[in-house]
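Peer 1: coords below, sequence missing:
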């Protein structure tokens, strides 16, 4: 494109809007009349912030019928047409062209506040904070402006809150000298964010400064603005700000001024501003809004359905108001009719006039750079609830540090939420919006690759965590980890357990997401040490059911065997006779190809028989398995089997033989560093010593066991030890101590919904 500066139209000769458009037309002609589509591609990167722009928007700049032109857009066009060195002259031309614009100016400044809408609901605590910021005594009140930045996600009701707070202030006699309002168009699909220089020009005209006296430069206008508002009680409402830079020069200096700023992007960097983060409604507020718009009687007639509707709306005020408006426009509908349609249709696409949830989210989404848009879309594929930066990185295939920075930007834009430290989440409607974007913009291969990459990363991470919880579990060959990011590594048990606790819901969701894939049974199997420690039998059973189905679909004998083994262990804890069938099936499936795994199922089957009271069968199976464990040099399984044999001998009142086996088991477990197994053997030794009258030895064993159980976080094991301590207290004829320990054990069993609670309850009766 040729330069248009040498002999182009002179912007200094522009005196009105028509002349400005004619000058721009001449500038385009001098540049070779580039097509609007080509020009739009050049203009977009020159805007603030850079973004894609429709060619029609650029074409409209050259229409003589235009009543106003956006400054940022005009200057970007001028630069794209090769007249960048004259940009200051074009800025002045723009100011002159709009100097005589109608009241309100080119960016929508009004002489009074927008109406306080009757649909305003709730927000009592937010209002209290906003008003208190004005009322609270301040030692520097004479020189300090009160600035409150109201932030929140799209559609959460920031503007309504700000307008209502402004009216409340004026009604109570504050800020009565001046009230100024401007929509800064920070997220407008058709226009660039308002230029602070033009906003100041409009404000100054509203403040009755004659047009010829208004300077052309930003700094000069800001200085005049501060001077005019000196000693005035003014309220400035800056709505829909793009960022701190846009509003910084719009804040006066007089201590009598109050500034309210709303934005869907964080304004935490605005000096002296008190940030008010606005969340969605609670259920009562959402139902009140539904009733206010749709009618009190209709909502009162179907209160349960009303609660269902607002929950489906995610308690987002915009979504609730759209649903209520739809109901109001259809007087023959019941709330149940609306609820049915909400479930059938996607609420984000529901439109009332020009308003829709998707349209509002789209403003924030389109303002993001391409890499953030990609990550945001992929977050919709996350199978669980809240997620970490590492999990987001696994979805996107990037470094965790990159994902962390990106998530913080999305958090600043209020497109995601942060309920707890280092964990993020998508609001339900934001997730739905992101899902629609990924299905529209990403092909199926991209989506499938992202999910597979995440699930593989997650498998390696949960395996590492559960290895910390039980280092003696059998190893399984895993698929190669993704290149980026590296799976999580854990160096201590407490960190691993805390991660598993935080991921519990996500873990079950990941197994469901992998349904039909080998990863389903591998994820389920990897989580067993955590499920066992925390007695999560429902999670255990459901994930293994899904894993078994996946392994059967792929005719994977190893996967089927592990799923049956895991189900047998869960059923054993629940004292379910079906456990034996699962263990036998697992043994058959492991077969000769996996002798160590088959040995584990045999050992578990023996333990199950002992739990069922068939101690002779337990001893027979366990002795058979001990020989196999020794041949395989598996000290862990050998120790477990020796402990089981010792317990069985004690049941047969062969105390000396039983204690010998238990001590042999304990020695091996100490060598292996298996504290969980040590606690189990110490429990059994304590029980044996109680039966044989060696109460001091019993006390020593059970005290050690209780300490281990508590350090491990093994609540079910802790309850078992407490119950044995109650038996010891009874043997010592200490009734109060017995009741104390028995009640403590019962409290834990009941909290876990453990079937053993019934027996302890009977002992307390």
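Peer 2: Nice, thanks for sending it over. Since the model is a prediction, treat every value here as computed from it, not as a measurement.

Peer 1: give me the phi and psi for the nearest residue to residue 39 once chain neighbours are set aside.
Peer 2: Computed as Cβ to Cβ, 6 or more residues apart in numbering, the closest residue to residue 39 that is not its neighbour in sequence is residue 58, at 5.3 Å. Bear in mind the C-beta positions are built from the backbone N, C-alpha and C, glycine included. Backbone torsions for residue 58, taken as degrees, to the nearest 10, come to phi -70, psi -40.

Peer 1: identify the residues contacting residue 58.
Peer 2: In this structure, residue 58 makes contact with 36, 39, 40, 43, 73, 77, judged by Cβ atoms under 8 Å, 6 or more residues apart in numbering.

Peer 1: do you know the pLDDT at it?
Peer 2: Among the per-residue scores, residue 58 shows a pLDDT of 86.

Peer 1: can you tell me what sits against the helix or strand residue 222 falls within?
Peer 2: Assigned by DSSP states H and E, residue 222 falls within helix 218-228. Contacts of helix 218-228 from elsewhere in the structure, counted by Cβ under 8 Å, 6+ apart, are 196-197, 200-201, 203-204, 207, 209, 214-215, 249-250, 252-254.

Peer 1: if any of those residues are buried, give me the PyMOL selection for them.
Peer 2: To isolate the buried ones among the contacts of helix 218-228 in PyMOL, judged by 16 or more other Cβ atoms under 10 Å, type:
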select buried, resi 196+197+200+201+203+204+209+214+215+249+250+252+254
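
Peer 1: just to revisit the earlier point, next, give me the two most distant ones among the contacts of residue 58.
Peer 2: Greatest spatial distance among the contacts of residue 58 (Cβ to Cβ): 36 and 73, at 12.9 Å.

Peer 1: summarise which helices and strands the helix or strand where residue 200 lies is packed against.
Peer 2: If you go by DSSP H and E, residue 200 is part of helix 196-206. Helix 196-206 is packed against helix 87-98, strand 178-183, helix 218-228, helix 244-248, with contacts defined by 3 or more Cβ pairs under 8 Å, 6 or more residues apart in numbering; DSSP states H and E.

Peer 1: dump these to a markdown table, plus mean pLDDT, mean neighbour count and distance to residue 529.
Peer 2: Converted to a markdown table, the helices and strands packed on helix 196-206 look like this (pLDDT from 0 to 100; neighbours: other Cβ atoms under 10 Å; distance: least, Cβ to Cβ, whole Å):
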| stretch | mean pLDDT | mean neighbour count | distance to residue 529 |
| --- | --- | --- | --- |
| helix 87-98 | 84 | 20 | 66 |
| strand 178-183 | 90 | 23 | 57 |
| helix 218-228 | 93 | 17 | 63 |
| helix 244-248 | 93 | 18 | 49 |
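
Peer 1: between these, which gets nearest to residue 386?
Peer 2: Closest among the helices and strands packed on helix 196-206, using Cβ to Cβ: helix 244-248, at 28.4 Å.

Peer 1: can you tell me what sits against the helix or strand just after the helix holding residue 222?
Peer 2: Towards the C-terminus, the helix or strand next in line after helix 218-228, according to DSSP H and E, is strand 234-239. The contact list for strand 234-239 (Cβ under 8 Å, 6+ apart) reads 113, 159, 162-163, 166, 169-170, 174-175, 177-184, 247, 250-252, 254, 256-262.

Peer 1: re the thing from before, from the contacts of helix 218-228, which is closest to residue 742?
Peer 2: When these are ranked by distance to residue 742 (Cβ to Cβ), residue 250 comes first, at 69.8 Å.

Peer 1: domain parsing of this protein, as residue ranges.
Peer 2: Dividing the chain into domains by automatic domain parsing, as the record does, gives the ranges 11-98, 124-277, 283-356, 372-584, 585-668, 674-765.

Peer 1: closest to residue 117 out of those?
Peer 2: Comparing the domains of the chain against residue 117 with Cβ to Cβ, the closest turns out to be domain 124-277 (6.0 Å).

Peer 1: right, and residue 49 touches residue 372 too?
Peer 2: No - checked against Cβ atoms under 8 Å, the pair residue 49 and residue 372 is beyond contact range at 11.9 Å.

Peer 1: neighbour count: the two, which is higher?
Peer 2: Under the criterion of other Cβ atoms under 10 Å, the comparison of residue 49 against residue 372 puts residue 372 first, with 18 against 14.

Peer 1: what helix or strand is residue 194 on?
Peer 2: With DSSP H and E as the criterion, residue 194 is inside neither a helix nor a strand.

Peer 1: end to end, how far does stretch 748-762 reach?
Peer 2: Here the two ends of stretch 748-762 are set 15 Å apart, with distance taken as Cα to Cα, to the nearest Å.

Peer 1: for the stretch 201-350 of the chain, just list every one of the helices.
Peer 2: 218-228, 244-248, 283-294, 296-301, 303-312, 317-328, 335-344 (DSSP state H, counting those that start in this stretch).

Peer 1: other SSEs contacting the fifth one?
Peer 2: Using 3+ Cβ pairs under 8 Å, 6+ apart as the contact criterion, the elements in contact with helix 303-312 are helix 283-294, helix 317-328, helix 335-344.

Peer 1: could you give the average pLDDT over stretch 652-666?
Peer 2: Within the predicted structure, the mean pLDDT of stretch 652-666 is 93.

Peer 1: run the chain-centre distance for that stretch.
Peer 2: Offset of stretch 652-666 from its chain centre (Cα atoms, centre = their mean, to the nearest Å): 52 Å.

Peer 1: again, but for stretch 745-757
Peer 2: Using Cα atoms, centre = their mean, the distance between the centre of stretch 745-757 and that of its chain works out at 33 Å.

Peer 1: stretch 456-472 now?
Peer 2: Here stretch 456-472 shows a centroid-to-chain-centroid distance of 23 Å under the convention Cα atoms, centre = their mean.

Peer 1: coming back round to it: among the contacts of helix 218-228, which pair sits farthest apart?
Peer 2: Between any two of the contacts of helix 218-228, the greatest separation by Cβ to Cβ is 20.9 Å, found for 197 and 254.

Peer 1: next one, pLDDT for the residue nearest to residue 615 when sequence neighbours are not counted please.
Peer 2: In space, and not counting its chain neighbours, residue 615 is closest to residue 648: 4.1 Å by Cβ to Cβ, 6+ apart. You'll see residue 648 listed with a pLDDT of 90.

Peer 1: how much space separates residue 648 from residue 720?
Peer 2: With the distance defined as Cβ to Cβ, to the nearest Å, residue 648 ends up 17 Å from residue 720.

Peer 1: shaky segments in the chain?
Peer 2: Within the chain, the segments meeting pLDDT under 70 span 1-8, 64-67, 99-112, 137-144, 189-191, 344-355.

Peer 1: next up, the contacts around the residue nearest the centre of the chain.
Peer 2: The residue lying closest to the centre of the chain (Cα atoms, centre = their mean) is residue 425, at 0.9 Å. Listed by Cβ under 8 Å, 6+ apart, the contact partners of residue 425 are 385, 386, 387, 416, 417, 418, 419.

Peer 1: backbone phi and psi for it, please?
Peer 2: Residue 425 has phi and psi values of phi -150, psi 160 when expressed as degrees, to the nearest 10.

Peer 1: look up how far residue 385 lies from it.
Peer 2: From residue 425 across to residue 385, the span is 6 Å (Cβ to Cβ).

Peer 1: and the helices in the stretch 401-550 of the chain?
Peer 2: Assigned by DSSP H, counting those that start in this stretch, the helices in the stretch 401-550 of the chain fall at 428-441, 444-469, 493-502, 504-513, 518-526, 528-534, 537-553.

Peer 1: list the buried residues of the fourth one.
Peer 2: Of the residues in helix 504-513, 504, 506, 507, 508, 509, 510, 511, 513 count as buried by neighbour count, 16+ other Cβ under 10 Å.

Peer 1: which residue, other than its chain neighbours, is closest to the last one?
Peer 2: Okay, so that is residue 513. Closest residue to residue 513 apart from its sequence neighbours, by Cβ to Cβ, 6+ apart: residue 383 at 3.6 Å.
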